[in-house]
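Participant: fold the stuff below for me.
(one chain, ligands or ions: 1)
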Amino acid sequence: MKPVRTRNLPKKTPSKTKSSSKDPVQVFCRLRPMQNESDQACMTIICPRSIQVTPPDTSANYRAGSAKDVIYSFQRVFDEAVGQKEIFETVGLPLVKSLLEGRNGLLFAYGVTGSGKTYTMNGGPQDGGIMPRSLDVLFNSIHNYQAKKYTFKADKMNGFEIQSDVDALKERQQELIRNLESRPTRTPRKNSDPEIFCRQPDTTQLDLPCEDNTYAVFVTYVEIYNNSVFDLLEESQDSVSQYRQVKILREDALKNMYVHGVTEVEVKSPEEAFEAFYKGQKKKRVANTMLNAESSRSHSVFSIRLVQAPLDYHGETVAQEKGGMVISQLSLVDLAGCERTNRTKNSGQRLREAGNINNSLMSLRSCLEILRENQLTGANKMVPYRDSKLTHLFKNYLDGEGEVSMIVCANPRAEDYDETTQVMKFAEMSQEVQIARPVPVRLDFGFTPGRRKANQVFRTAVKQLEEEGFNENIPIDVDIVYSLSSEFPSMDILGPEGGKVLTELKAFLQERIKQRSLLGKDLLLKQEHFRALLAKVEQENILVKQESITQQAQLDQERNRMRNLTVKLGSVERQNSTLQRRFEEQEHKISILQQEKADLEMALSQSAIDKQKVKSRYNAKVAMETEKISHVLEKKLEKDRQQLQNAIRAKDEKLRRVRHALKEDIPPSSASSTSSLANVTSKSDGGTTQSSSALPKTPSADSRRMGLALRNPRHRRSRSVEGTGKWLDHCPATPVPLSTVFQPNMKKRKSVTKLTDVKDITKGTERYCLTTQEQDTDGELETRLYKGDVVPTCSGGAQVIFSDVELLKQSSPTGNAAGPTTRKRSARMSGVDVAERCLTAVEGHGKRPHISGKH
Ligand SMILES: Nc1ncnc2c1ncn2[C@@H]1O[C@H](COP(=O)(O)OP(=O)(O)OP(=O)(O)O)[C@@H](O)[C@H]1O
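Facilitator: Numbering: from 1, shown residues only. Reported below is the predicted structural model:
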């Protein structure tokens with residue numbers, strides 16, 4: 001298949017077919033946010049279409065006394081808060097729509113340096129500007145309708161060729177090999193640049209004007225630096241700016257301006273387009289100036305070219321008809337900012353750049369001014385497009401057809417006032433320039449509209465049938481689409497070119513007759529085929545009807561059965577719902593009870609906690625009290641001990657004095673004979689007391705007893721225990737020897753330790769005597785004899801009725817009559833419980849009493 005070369009249709013056309021309707025240049029104004037809150041503003045938005053500029057007192061106008069508030073009106077004024085998306089939807093989206101419809105568009109970003117032109121055009125990864133969003137929307141819209149890569153090829157003369165499938169495939173293979181060789185371990189394209197990787201794409205999608213077309217996108221990126229054009233996408237060894245090749249502007253066959261030899265990159269996705277853009281961006285001249293850290297030092301032009309061509313009759317491959325291809329272009333121009341050298345303080349290269357920037361902007365301004373004048377006054381002044389490369393490149397847009405828009409960026413701060421007013425004046429004036437409205441593009445070759453979609457639907461249906469197991473061979477009906485070719489050509493035979501028109505008309509009619517007879521034959525064939533099909537279908541129909549009657553009967557039976565089942569089901573469902581209700585009620589009760597239980601458990605655990613708290617509080621209190629009491633008792637004990645010691649000390653003192661007195665009173669010879677003194681004190685029931693002494697009395701002893709009562713017959717000496725009857729003697733096993741005459745005299749006696757049987761007590765025993773020995777408080781030995789009568793009890797035991805106690809006390813005038821041994825033994829005896837010993841004796845236990853074991 002031979003490649004076909006075609007031209008862009010909507011470019012400059014002869015004046016007779018040129019559109020008579022015109023549209024003004026669309027101008028929008030965008031205010032950027034102030035960097036510092038303290039900055040003074042000189043601009044106020046008074047309505048969505050107007051802005052008021054107030055001269056600050058620092059401005060030149062103010063100083064010259066010509067300052068006054070000026071209101072500028074635009075298509076729309078965006079305040080600082082308006083985001084990138086809204087700007088794109090108002091300014092960029094109509095241009096993308098025109099691009100898809102085959103119309104050219106041009107968008108300038110114009111303004112003072114640092115006013116946000118680059119930000120508005122390109123934006124950042126998270127808030128893309130007009131350029132990335134335009135690419136997103138374009139690819140979202142043509143996504144399913146893109147041609148295979150290299151189907152269209154730039155012809156280097158501002159046009160495109162349609163390549164054969166084989167050539168396109170070859171080029172694709174070559175590209176693949178190139179890529180494999182240059183980047184064997186290539187990372188996915190999407191990740192190659194972080195700005196591409198993390199960007200937020202715009203998801204807007206536009207309706208395609210023609211779904212039977214196939215589309216391809218090409219991008220170019222050039223900069224105009226110091227009035228020279230450079231290709232930013234050119235692959236070159238030298239990245240140093242001055243060695244880059246300067247490109248020249250040329251006119252194509254249709255008098256359209258283009259950059260000769262510019263690199264046109266075919267892109268299949270927004271990411272591929274951004275990759276090309278960022279590649280060019282790295283080469284773009286930017287510099288750090290006083291007013292902007294990344295100030296553009298050149299005008300950059302990013303162009304998106306959309307090539308579209310209709311598909312053939314079958315909606316399968318690109319139609320090779322001549323003139324069928326449409327090329328539209330959207331140029332996004334980020335102009336360098338106008339700047340005053342006294343503010344930027346530029347010098348050297350920066351100063352030269354600024355001069356060139358200002359010159360080209362001035363040139364743009366004067367071109368538009370003259371255009372406006374020509375349009376308003378009908379004058380025919382020459383527009384100086386050739387004064388600068390910028391105006392020369394866009395000549396066709398300004399005096400040809402297309403849509404021209406401008407977004408004026410402004411920094412509202414007072415310092416920019418002088419430059420801003422110039423920009424505003426120019427922008428407002430630009431709106432008066434009229435641009436011819438493009439003629440709508442026709443892509444009609446007389447093919448059936450929607451053929452691609454129809455084929456797709458047919459293929460999907462066939463695939464589905466095959467999946468369902470329908471294996472009959474279904475031919476894909478992508479045959480002749482019934483059409484008698486395109487519309488009649490011009491039939492104006494009265495003009496000078498009447499002959500030519502007649503010849504063309506004849507050829508057209510012959511072609512049409514041929515087509516008609518071809519279609520007629522085809523129609524007859526199809527009618528035959530259709531009739532045969534119809535007969536077959538009719539037969540099938542009869543069979544189907546019979547089957548249908550049988551099935552209808554079955555169906556009725558089934559229906560009846562179903563009705564019965566439905567009735568049953570209804571009653572079961574009712575029962576079920578009753579049970580369900582009861583079940584729910586019970587569940588509700590259970591949940592209430594569980595709730596109550598939980599509440600009670602909680603209360604219980606709370607009270608347990610409270611109890612524990614009280615207990616621990618009381619324990620603490622008790623411990624405190626105990627400590628307090630023990631402290632008091634200890635104190636008291638200490639005090640008592642002290643008192644006791646004092647008393648002992650006093651007694652000792654007394655004794656010492658007595659001894660002393662005795663020593664002085666008694667001569668040494670008689671001291672030994674009177675060293676032992678025994679007093680017998682007998683206590684009777686009557687409580688009267690009488691003392692008698694068996695020893696010769698010392699004068700002092702006699703004198704002490706002189707006031708006592710006369711002899712009490714009941715009080716007798718110990719020896720008087722003698723008498724009738726047998727005594728049960730209950731004395732310590734090893735009694736302390738008394739060494740006195742006062743001894744109990746029991747002629748008949750039986751020791752309590754010898755008892756083996758209770759009857760031994762009652763048998764012949766009449767009297768009982770319990771002897772105890774202990775120390776008194778002075779440490780002297782004190783012997784007591786408890787005497788009583790043994791009386792048998794009714795249970796067969798015995799009891800003692802005590803009738804007399806004899807107390808035998810031994811004291812020494814020197815205080816040491818009783819030896820240490822005696823004292824010690826007596827002391828040991830003092831621990832003996834008298835009552836226990838009495839009990840042992842009286843009850844007459846056969847065993848040896850426990851107490852006697854201790855003695
Ligand atoms: N609307 C905006 N919102 C947030 N930041 C902005 C806005 N406009 C501009 N900026 C910021 O201001 C700075 C300067 O903006 P930008 O580079 O776009 O200015 P410019 O007009 O292109 O300057 P020059 O003409 O010197 O190239 C940038 O850091 C940019 O991010």
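Participant: what sits against Gln799?
Facilitator: By C-beta atoms under 8 Å, 6 or more residues apart in numbering, the residues touching Gln799 are 790-793, 842. Every C-beta, even on glycine, is put in place using the N, C-alpha and C of the backbone.
Participant: which strand or helix spans Ala216?
Facilitator: Per DSSP states H and E: Ala216 is located in strand 213-225.
Participant: same check on Pro56?
Facilitator: Using DSSP H and E, Pro56 is not contained in any helix or strand.
Participant: now for the contacts of Gln799: which two are most distant?
Facilitator: The span of those, defined through C-beta to C-beta, is set by Pro792 and Val842 at 11.3 Å.
Participant: count of residues packed around the residue in the stretch 201-350 of the chain positioned nearest to the ligand?
Facilitator: The ligand sits closest to Gly337 of the stretch 201-350 of the chain, with a gap of 2.5 Å, by C-beta to the nearest ligand atom. Gly337 is flanked by 30 other residues according to other C-beta atoms under 10 Å.
Participant: what's the per-residue pLDDT of it here?
Facilitator: In the prediction, the pLDDT value recorded for Gly337 is 78.
Participant: and the spatially closest residue to it that is not a sequence neighbour, how many neighbours?
Facilitator: Nearest residue to Gly337 in three dimensions, chain neighbours excluded: Thr113, at 3.0 Å (C-beta to C-beta, 6 or more residues apart in numbering). Thr113 has 23 neighbours, counted by other C-beta under 10 Å.
Participant: ok, what's across the strand from Val404?
Facilitator: Going by DSSP bridges, Val404 is paired in beta bridges with Leu106.
Participant: biggest helix in the protein by residues?
Facilitator: helix 498-665 (DSSP state H).
Participant: quick one: average pLDDT of it?
Facilitator: Average pLDDT, helix 498-665: 91.
Participant: chain center to it, what's the gap?
Facilitator: Per C-alpha atoms, centre = their mean, to the nearest Å, the displacement of helix 498-665 from the mean C-alpha position of its chain is 23 Å.
Participant: returning to what we had before: more crowded one of Pro792 and Val842?
Facilitator: Using other C-beta under 10 Å, the more surrounded residue of Pro792 and Val842 is Val842, with 24 against 15.
Participant: before we move on, the earlier item: ok, now which ones touch the residue of the stretch 201-350 of the chain closest to the ligand?
Facilitator: Counting by C-beta under 8 Å, 6+ apart, Gly337 has contacts 111-115, 117, 291-292, 295-296, 357.
Participant: again, but for Ile87
Facilitator: Contacts of Ile87 by C-beta under 8 Å, 6+ apart are 28, 30, 78, 120, 129-130, 407.
Participant: same for the helix or strand harbouring Trp727, what does it pack against?
Facilitator: Using DSSP H and E, the secondary-structure element containing Trp727 is strand 726-730. Using 3 or more C-beta pairs under 8 Å, 6 or more residues apart in numbering; DSSP states H and E, the elements in contact with strand 726-730 are strand 749-751, strand 765-775, helix 834-843.
Participant: for the shortest one, which strands pair with it and how are they oriented?
Facilitator: Just to be clear, that refers to strand 749-751. According to DSSP bridges, strand 749-751 forms sheet pairs with strand 726-730 (parallel).
Participant: before we move on, what about the second one?
Facilitator: With DSSP bridges as the test, strand 765-775 is paired with strand 726-730 (parallel), strand 781-792 (antiparallel).
Participant: looking at those, which is closest to Lys663?
Facilitator: Here strand 781-792 is closest among these (C-beta to C-beta), at 23.1 Å.
Participant: roughly how far is the closest one from the heart of the chain?
Facilitator: The answer for strand 781-792 is 100 Å, by C-alpha atoms, centre = their mean.
Participant: show me what secondary structure element comes after it.
Facilitator: That would be, after strand 781-792 and using DSSP H and E, strand 798-811.
Participant: got the buried residues for stretch 611-626?
Facilitator: Within stretch 611-626, no residue qualifies as buried by neighbour count (16 or more other C-beta atoms under 10 Å).
Participant: and the contacts of that stretch?
Facilitator: Outside stretch 611-626, no residue is within contact range by C-beta under 8 Å, 6+ apart.
Participant: using CSV, write down the CA coordinates of it.
Facilitator: Output in CSV follows, covering the C-alpha atoms of stretch 611-626 (Å, rounded to 0.1, in the frame of the first residue of the first chain):
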residue,chain,number,x,y,z
LYS,A,611,-16.0,-4.5,102.1
GLN,A,612,-12.4,-5.1,101.3
LYS,A,613,-11.8,-1.4,101.6
VAL,A,614,-13.6,-1.2,105.0
LYS,A,615,-11.7,-4.3,106.2
SER,A,616,-8.4,-2.8,105.3
ARG,A,617,-9.4,0.5,106.9
TYR,A,618,-10.4,-1.3,110.2
ASN,A,619,-7.2,-3.5,110.1
ALA,A,620,-5.2,-0.4,109.8
LYS,A,621,-7.2,1.2,112.7
VAL,A,622,-6.8,-1.9,114.9
ALA,A,623,-3.1,-2.1,114.2
MET,A,624,-2.9,1.6,115.2
GLU,A,625,-4.9,1.0,118.3
THR,A,626,-3.0,-2.1,119.2
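Participant: appreciated, that's everything.
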